[in-house]
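Participant: Need coordinates for the following:
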Amino acid sequence: MPATIQPLEGIRVLSLALNLPGPAALMRCRQMGAQCTKMEPPPRPGASSSDPMGLYCPAAYATLHDGVQVLHADLKTPEGQATLQAELARCDVLITSFRPSALAKLGLAWPTLHVTYPQLSLVRIVGARGSAAEAPGHDLTYLAQAGLVTDVSMPATLFADMGGALMASEAVLQAQLARAHTGLGSCIEVALADAADWLGLPRTWGLTGPHGDVGGAHAGYRVYPCADGRVALAALEPHFAARVYALLGLPADTDPRAPATQTAVARYLRLQTRAQLDAIARAHDIPLHTMAPW
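Facilitator: Residues are numbered from 1 along each chain as shown. Sure, this is the predicted structure:
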């Protein structure tokens with residue numbers, strides 16, 4: 001985000017959230033100018049971090065917490081609670097990712113927080129809404145529920161976690177806008193299952209299914225083998241598709257959904273190297289990206 005755009009400048013954000021969605025949301029808040037603090041349990045002897053992310057991917061942990069003040073406190077002890085309350089008294093937004101029952105045990109249920117700190121906002125990251133917020137789940141299960149796991153291959157990235165992180169950072173902005181009008185904090189719940197559903201809307205609409213134009217039915221919008229790798233061709237609009245057809249010697253009004261069209265495009269691309277296709281894309285203004293073999 002450009003340094004000149006700092007919508008959260010002067011806002012203090014405290015996060016108790018571990019793993020990925022909460023820290024990623026905190027990273028976005030920091031990029032928007034917020035002063036960010038993360039409170040973690042004390043690490044075990046010999047461990048570098050008590051956040052699981054710090055253990056199984058230190059590089060990710062380092063990136064997520066760059067510029068973030070990290071404190072350690074055992075919230076189940078009076079000393080830890082005192083540290084937490086001191087931080088809550090000076091922050092504007094609290095981000096959590098505990099189950100609702102765990103929040104209540106820690107004295108962080110919204111009614112309690114709102115009475116004690118009326119200007120504080122709570123962004124509560126959960127797996128799913130309602131009673132399902134108490135059920136265990138992870139990115140993979142939320143993607144599966146949203147219909148985004150289509151075979152036995154693992155998804156390319158953690159879509160629900162990262163989408164949920166964006167929703168959570170958006171919620172921080174929403175809370176600040178609301179407080180500017182009311183003077184009071186607000187509680188906004190962000191469900192990772194909702195993030196997966198949001199990302200899955202194009203599939204729900206049929207856009208990315210096997211019969212959708214961006215799901216493989218359009219010859220100009222597919223991944224094809226080429227001579228030394230793969231090519232992601234994205235010539236979806238008629239003028240882009242027409243440029244591809246011209247290379248193949250086909251009429252500009254060729255039906256992109258006809259099997260013969262896909263066969264012709266596939267045959268042409270298979271004979272081209274990645275370097276040749278990159279040069280063709282530049283010369284003819286065609287949206288494509290070449291990739292190494294899978």
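Participant: for the stretch 51-200 of the chain, what spans make up the helices?
Facilitator: Assigned by DSSP state H, counting those that start in this stretch, the helices in the stretch 51-200 of the chain fall at 52-56, 58-64, 78-88, 100-105, 110-116, 139-145, 159-182, 192-199.
Participant: mind putting those helices in JSON lines, mean pLDDT, distance to Leu8 and mean neighbour count included?
Facilitator: Backbone N, C-alpha and C define where each C-beta goes, glycine included. Below are the helices of the stretch 51-200 of the chain laid out as JSON lines (pLDDT from 0 to 100; distance: least, CB to CB, whole Å; neighbours: other CB atoms under 10 Å):
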{"stretch": "helix 52-56", "mean pLDDT": "91", "distance to Leu8": "23", "mean neighbour count": "15"}
{"stretch": "helix 58-64", "mean pLDDT": "96", "distance to Leu8": "17", "mean neighbour count": "14"}
{"stretch": "helix 78-88", "mean pLDDT": "96", "distance to Leu8": "17", "mean neighbour count": "14"}
{"stretch": "helix 100-105", "mean pLDDT": "94", "distance to Leu8": "23", "mean neighbour count": "15"}
{"stretch": "helix 110-116", "mean pLDDT": "96", "distance to Leu8": "20", "mean neighbour count": "14"}
{"stretch": "helix 139-145", "mean pLDDT": "96", "distance to Leu8": "26", "mean neighbour count": "21"}
{"stretch": "helix 159-182", "mean pLDDT": "97", "distance to Leu8": "7", "mean neighbour count": "20"}
{"stretch": "helix 192-199", "mean pLDDT": "97", "distance to Leu8": "21", "mean neighbour count": "22"}
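Participant: Any chance of those helices in CSV with distance to Thr273 as columns?
Facilitator: Listed next are the helices of the stretch 51-200 of the chain as CSV, based on distance: least, CB to CB, whole Å:
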stretch, distance to Thr273
helix 52-56, 38
helix 58-64, 33
helix 78-88, 57
helix 100-105, 56
helix 110-116, 59
helix 139-145, 35
helix 159-182, 32
helix 192-199, 34
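Participant: right, and those - which one's nearest Gly10?
Facilitator: Gly10 lies closest, by CB to CB, to one member of the helices of the stretch 51-200 of the chain: helix 159-182, at 10.0 Å.
Participant: What lies in contact with that closest one?
Facilitator: Residues outside helix 159-182 that contact it (CB atoms under 8 Å, 6 or more residues apart in numbering): 7-8, 11, 13, 19-22, 24-25, 27-29, 32, 34, 92-93, 95, 119, 121, 123, 125, 139, 142-143, 146, 148, 184-186, 188, 190-196, 198-199.
Participant: Brilliant, that's me finished.
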